[in-house]
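1. Sequence and predicted structure are below.
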Amino acid sequence: MPIHRTRISKRVKEKHKGAIRNVIKGLGRKVEVYKQPRKMECPNCYYDKFTDNSTGKCKWTPVEAIEKQAIHAVDHDDIRYKYFKYGRCPVCRGQGFLTVKRKVWADCMINWDPSSRDNSITYTAAGTEGSTIVILKADPKYYDLFKNSSRIIVDGVECKMSKPPVLRGLGTQSVLIITAFTTEKPSIDSGEIIKDYS
């Protein structure tokens, strides 16, 4: 009975995987990846789970709020306890919860508009010139991070993923491919390339 052999040896696969990761590390840049924000109930007012909003009633008396804020201010510089009689809570602004933004930096190879040669964002008088797409290549360890991200900042430009990240490679998965698109418009003083058709 013939012995089944794989066409690509484990040593070649590992060598290829290492080479790809070294290229990403050498040519890559830092990308800001924002995880899904974490919600925590407002410490200053009562939260109504039914309406997913603040009830507009403070949990504390004026004296209790001052004491709690003084204790909180020892380690923190934000306001978490502030008395209000009724209406909109000054801490959560009537939402009933506080959101904590969490961001992580990831090393990625960045390719703006893969169909063009200059690999930069270009805006025209008629709008963006097909350069709103960005392809990122990263280490597979970032798969869960990108899959569960709320937004990505690439070269200072806010982007959203157009589809879930994909693992690609030789034999085994060795590189993570992320396809995203820009969500921002150019600002007047941004220094971005703007083509003139006049």
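-> Good, I have the coordinates. Computed from a prediction, not measured in an experiment: that's the story for all the values here.

2. what are the C-alpha coordinates of whichever strand or helix holds Ile71, in CSV please?
-> Following DSSP states H and E, one finds Ile71 within helix 62-73. Output in CSV follows, covering the C-alpha atoms of helix 62-73 (Å, rounded to 0.1, in the frame of the first residue of the first chain):
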residue,chain,number,x,y,z
PRO,A,62,-26.0,66.4,48.1
VAL,A,63,-23.7,65.7,51.1
GLU,A,64,-23.2,62.0,50.0
ALA,A,65,-22.4,63.0,46.4
ILE,A,66,-19.7,65.5,47.7
GLU,A,67,-18.2,62.9,50.0
LYS,A,68,-18.1,60.1,47.3
GLN,A,69,-16.6,62.5,44.7
ALA,A,70,-13.9,63.5,47.2
ILE,A,71,-12.9,59.8,47.8
HIS,A,72,-13.1,59.1,44.0
ALA,A,73,-10.9,62.2,43.2
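
3. Pull the residues that contact it.
-> With contact meaning Cβ atoms under 8 Å, 6 or more residues apart in numbering, helix 62-73 is reached by Asn44, Cys58, Trp60, Ile79, Arg80, Tyr81, Lys82, Tyr83. To be clear about C-beta, it is placed using only N, CA and C from the backbone, and glycine gets the same treatment.

4. if I look at Ile133, how far off is Asn53?
-> As for Ile133, its distance to Asn53 is 38 Å (criterion: Cβ to Cβ, to the nearest Å).

5. who's more crowded, the two?
-> Neighbours of Ile133 and Asn53, each counted by other Cβ atoms under 10 Å, are more numerous for Ile133; the result is 18 against 15.

6. pretty sure the more buried one is in contact with Phe181, am I right?
-> Yes: when contacts are counted by Cβ atoms under 8 Å, Ile133 is listed as touching Phe181 (5.5 Å).

7. shared neighbours of the two, anything?
-> Residues touching both Ile133 and Phe181 comprise Ser162, with contact defined as Cβ under 8 Å, 6+ apart.

8. Show me which of the contacts of helix 62-73 is closest to Lys141.
-> Set against Lys141, the nearest of these by Cβ to Cβ is Arg80 (35.3 Å).

9. Quick check: the closest one touching Val91?
-> Yes: with contact taken as Cβ under 8 Å, Arg80 and Val91 are classed as touching, separated by 6.1 Å.

10. ok, those two, which is more surrounded?
-> The residue with more neighbours, out of Arg80 and Val91, is Val91; 22 against 17, by other Cβ under 10 Å.

11. what's the neighbour count on the nearest residue to that one once chain neighbours are set aside?
-> Spatially, and ignoring its direct neighbours in sequence, Val91 is nearest to Asn44 (4.0 Å; Cβ to Cβ, 6 or more residues apart in numbering). Around Asn44 sit 23 other residues, with neighbours defined as other Cβ under 10 Å.

12. Tell me the confidence at Asn44?
-> In the predicted model, Asn44 carries a pLDDT score of 89.

13. Please enumerate the helices of this protein.
-> When secondary structure is read from DSSP state H, the chain shows helices at 10-27, 62-73, 143-147.
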